[in-house]
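Chemist: Dropping the sequence and predicted coords here.
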Amino acid sequence: MIATKLGISKSDSKLTMAFIYVAFISLFIGGLMGLLQTLVRSGSLSLPWGITYYQVLTVHGVILGLVLTTFFIIGFQYALMAKTVGISKKQRLYAWLSFIVMLIGTVMAAVMVLLGKASVLYTFYAPLQAHPIFYFGLALVIIGSWIACFVNFRQLYVWKKTHKDEKSPLLAFMVVINMVLWFIATLGVAAAVIVQFIPWSLGYAETINVLVSRTLFWYFGHPLVYFWLLPAYMAWYAIIPKIIGGKIFSDSLARLSFVLFLLFSIPVGFHHQLTEPGIDPTWKFIQVVLTFMVIIPSLMTAFSMFAMFEITGRRKGFRGLFGWFKHLPWKDVRFFAPMVGMLAFIPAGTGGIINASHQLNNVIHNTMWVTGHFHLTVATTVLLTFFGISYWLIPHLTGRKLTKKINNLGLIQTVIWAVGMTIMSGSMHISGLLGAPRRSAFSEYGGTAQASDWIGYQIAQAVGGTILFIGILLMVYIFLQLAFFAPKGQEEFPIAEEEVNAQPTPLFLENWKLWIGITIGLILFAYTIPFIDIILHAPTGSEPFAWPIGNS
């Protein structure tokens, strides 16, 4: 298989590690803010030096939800592309440009948040207004990521020119699908930032159309979740099989699932706006139906993974109904951490179905349930898979070894993470069902009986958050060991081959014009009429609210 013959040069390693350094710095900062946040919500801590709860909450959401994920994903994908299709010197220069532009934008936005001039939370909802530099920073992060998109597109294009009539390497195909999804999705948030937020924050516009801004954000905000998830799926489909000594169950099924994610993850943003007035219920219903279509590739992935697990186990001679499951390499952290993430995705995915259902959404909308769901999907499924990737990718790039000691520390870290998240996310789900609101600091709400029901669960969130922060400290220690102190050596870059008797991959799965065309068609169908209606029947725009509230 061509994908396993290419090596990763020192130049490629430095490029990927630059992104990963930023990701792990973000993990520490964002995790610390998360700890402070849970302590404040439990009523056991008051922030010093005039720091506000919403300032901490913004740092936590932006640093972990946007910075950590985006930098890790782009760095990981550069490594995958270098390994499978190669990267030229010119492409590498543009890749470094993407890193520099993204880093400058991140620093600009972060400074404004830390100075208390952009306490607008992860969603930066209007009419909350941040300093203009915050929005310019966001714009640069998006522009830098677009450069990364076109570097990846160019890499596959060049490979295809020299490998005519060959199917592209599976991981390269997956990377390009994810970056096509990202590019199309970020057009919405870029339009909101450049056309609405920047002129508004500079004073060129007195008011802002809140519904338009939120619609553009969620046009981006839901596919963002799949931008996070698909790199985890890349590891599940093509890397985990190699780690456990198996093969890819079906190349065709893997590619089809990624195509379906591209088609159905973007035109579904209205299911985040089911309680908002100004959007016709018919279009909300249509986008809820499209949302449920995304369940199909998720179930395809679950089938593919457990089929691969069972085939591999039985091929090794393990018998009985669950003999194959018992004998999976549970003591190999490269498998264990992603596997715990996979198992967490069962309740996380179930929660997502509840969130997308119009009737059930009315029960949990804007409660802590949503925050609990978010932490199960991104902070457990995605992040544990990213940790699992780090255990082999970082030593491969730095020329070091994953020692038995570090492996065992990783097993402990994974268990700590799972325990902490079970306590924290579980208490978030329960308090959400009791009506506890999200995006709020500790409050007894005038001593009301309902609020008193939440306090105990908020204390449980602080306990879980403290355990999670211990897990973060341990993960940062492991990262430093793998990057700088572990013994010199060689660690494999595990890429699995397909099952010998698998059906050939149909050529139409790589018909990019077809799939991108259908994606654009679905987006136009789902958004054109309701978006025109939103603009034509827009209420009076809102004046800005800046922190402290009321002072613009």
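Modeler: Okay, I see it.

Chemist: Can you name the next helix or strand after the helix or strand harbouring Val225?
Modeler: According to DSSP states H and E, Val225 maps onto helix 210-238. Note on helix 210-238: by DSSP H and E, the next helix or strand toward the C-terminus is helix 240-243.

Chemist: for the helix holding Val225, packing partners?
Modeler: If contacts are counted by 3 or more C-beta pairs under 8 Å, 6 or more residues apart in numbering; DSSP states H and E, helix 210-238 sits against helix 69-84, helix 170-191, helix 251-264, helix 295-315, helix 333-356, helix 383-398, helix 512-536. Every C-beta, even on glycine, is put in place using the N, C-alpha and C of the backbone.

Chemist: hmm, try it at 10 Å
Modeler: Here helix 210-238 touches helix 69-84, helix 170-191, helix 251-264, helix 281-293, helix 295-315, helix 333-356, helix 383-398, helix 512-536, going by 3 or more C-beta pairs under 10 Å, 6 or more residues apart in numbering; DSSP states H and E.

Chemist: in this structure, which ranges drop under the pLDDT threshold?
Modeler: Confidence mapping of the chain against pLDDT under 70 gives the ranges 1-6, 547-552.

Chemist: residues touching the spatially most central residue of it, list them.
Modeler: Centroid-nearest residue in the chain, with C-alpha atoms, centre = their mean: Trp228, separated by 2.5 Å. Counting by C-beta atoms under 10 Å, 6 or more residues apart in numbering, Trp228 makes contact with 65, 68-70, 72-73, 178, 377-378, 381-383, 385-386.

Chemist: go again using 7 Å as the cut-off
Modeler: Contact partners of Trp228, counting by C-beta atoms under 7 Å, 6 or more residues apart in numbering, are 69, 378, 382.

Chemist: distance of it from Phe386?
Modeler: Per C-beta to C-beta, to the nearest Å, Trp228 is found 9 Å from Phe386.

Chemist: Mind listing what's buried along stretch 124-132?
Modeler: By neighbour count on 16 or more other C-beta atoms under 10 Å, the buried set for stretch 124-132 is 124, 126-132.

Chemist: give me the number of residues near the spatially closest residue to Phe484 that is not a sequence neighbour?
Modeler: Among residues not flanking Phe484 along the chain, Thr398 sits closest, at 7.5 Å (C-beta to C-beta, 6 or more residues apart in numbering). Thr398 has 19 neighbouring residues, counting by other C-beta atoms under 10 Å.

Chemist: you'd agree Met234 is up against Met174?
Modeler: Yes. The pair Met234 / Met174 is scored as a contact, 4.8 Å apart, by C-beta atoms under 7 Å.

Chemist: Contacts only, for Ala148.
Modeler: 74, 95, 98.

Chemist: Same question for Ile535.
Modeler: When the contact criterion is C-beta under 7 Å, 6+ apart, the partners of Ile535 are Val212.

Chemist: Met421 now?
Modeler: Listed by C-beta under 7 Å, 6+ apart, the contact set of Met421 reads 375, 379-380, 464, 468.

Chemist: what do you get for Pro530?
Modeler: 279-280, 283.

Chemist: Could you rerun that using 8 Å?
Modeler: If you count contacts by C-beta atoms under 8 Å, 6 or more residues apart in numbering, Pro530 has them with 270, 279-280, 283.

Chemist: With adjacent residues omitted, what lies nearest to it?
Modeler: Nearest non-adjacent residue to Pro530, counting by C-beta to C-beta, 6+ apart: Trp283, 4.2 Å away.

Chemist: The one you found and Ala526 touch, don't they?
Modeler: Yes. Between Trp283 and Ala526 there is a contact under C-beta atoms under 8 Å: 7.3 Å.

Chemist: hey, what's in contact with both of those two?
Modeler: With C-beta under 8 Å, 6+ apart as the test, Trp283 and Ala526 both reach Phe270.

Chemist: if we can go back for a sec, output the contacts of Trp228 in JSON lines; the columns should cover distance to Ser257 and neighbour count.
Modeler: Below are the contacts of Trp228 laid out as JSON lines (distance: C-beta to C-beta, whole Å; neighbours: other C-beta atoms under 10 Å):
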{"residue": "Thr69", "distance to Ser257": "20", "neighbour count": "21"}
{"residue": "Val378", "distance to Ser257": "19", "neighbour count": "20"}
{"residue": "Val382", "distance to Ser257": "17", "neighbour count": "26"}
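
Chemist: Give me the angle between the helix holding Val225 and helix 251-264.
Modeler: 180 degrees (axes from the mean of the first three to the mean of the last three C-alpha atoms, to 10 degrees).

Chemist: chain center to helix 210-238, what's the gap?
Modeler: Averaging C-alpha positions (C-alpha atoms, centre = their mean, to the nearest Å) puts helix 210-238 7 Å from its chain's average.

Chemist: same check, this time on stretch 340-348
Modeler: 14 Å.

Chemist: Please shift the residue numbers so they start at 52 in all later answers.
Modeler: Sounds good: first residue 52 from here, last item stretch 391-399.

Chemist: Show me the contact partners of that stretch.
Modeler: 283, 287, 349, 356, 424, 427-428, 431-436, 439, 465, 468-469, 472.

Chemist: What subset of these is buried?
Modeler: 283, 287, 349, 356, 424, 427-428, 431-436, 439, 465, 468-469, 472.

Chemist: can I get the CA coordinates of stretch 200-209 in PDB?
Modeler: Taking C-alpha atoms only, stretch 200-209 is exported to PDB below (Å, rounded to 0.1, in the frame of the first residue of the first chain):
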ATOM      1  CA  CYS A 200      -7.600  23.700   3.300                       C
ATOM      2  CA  PHE A 201      -6.100  24.600   0.000                       C
ATOM      3  CA  VAL A 202      -2.700  23.000   0.900                       C
ATOM      4  CA  ASN A 203      -4.500  19.700   1.500                       C
ATOM      5  CA  PHE A 204      -6.600  20.100  -1.700                       C
ATOM      6  CA  ARG A 205      -3.400  20.700  -3.700                       C
ATOM      7  CA  GLN A 206      -1.600  17.700  -2.100                       C
ATOM      8  CA  LEU A 207      -4.300  15.300  -3.200                       C
ATOM      9  CA  TYR A 208      -4.600  16.900  -6.600                       C
ATOM     10  CA  VAL A 209      -0.900  16.600  -7.300                       C
END
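
Chemist: May I see the buried residues of it?
Modeler: Using 16+ other C-beta under 10 Å as the test for burial, stretch 200-209 gives 200, 202-207.

Chemist: so of the residues you listed, which ones are in helices?
Modeler: 200, 202-207 (DSSP state H).

Chemist: with the contacts of Met472 in mind, which one is nearest to Leu560?
Modeler: Comparing these against Leu560 with C-beta to C-beta picks out Thr431 as the nearest, at 30.5 Å.

Chemist: Any idea how many residues pack against the residue lying closest to that closest one once chain neighbours are set aside?
Modeler: Take Thr431 and drop its neighbours on the chain: the residue closest to it by C-beta to C-beta, 6+ apart is Ala395, 4.2 Å away. Number of residues near Ala395 (other C-beta under 10 Å) recorded here: 25.

Chemist: I'd like to know which of the contacts of Trp279 is nearest to Asp504.
Modeler: Proximity of those to Asp504, judged by C-beta to C-beta, is greatest for Val429, which lies at 27.2 Å.

Chemist: Tell me the spatial nearest neighbour of that closest one, not counting adjacent residues.
Modeler: In space, and not counting its chain neighbours, Val429 is closest to Trp279: 5.7 Å by C-beta to C-beta, 6+ apart.
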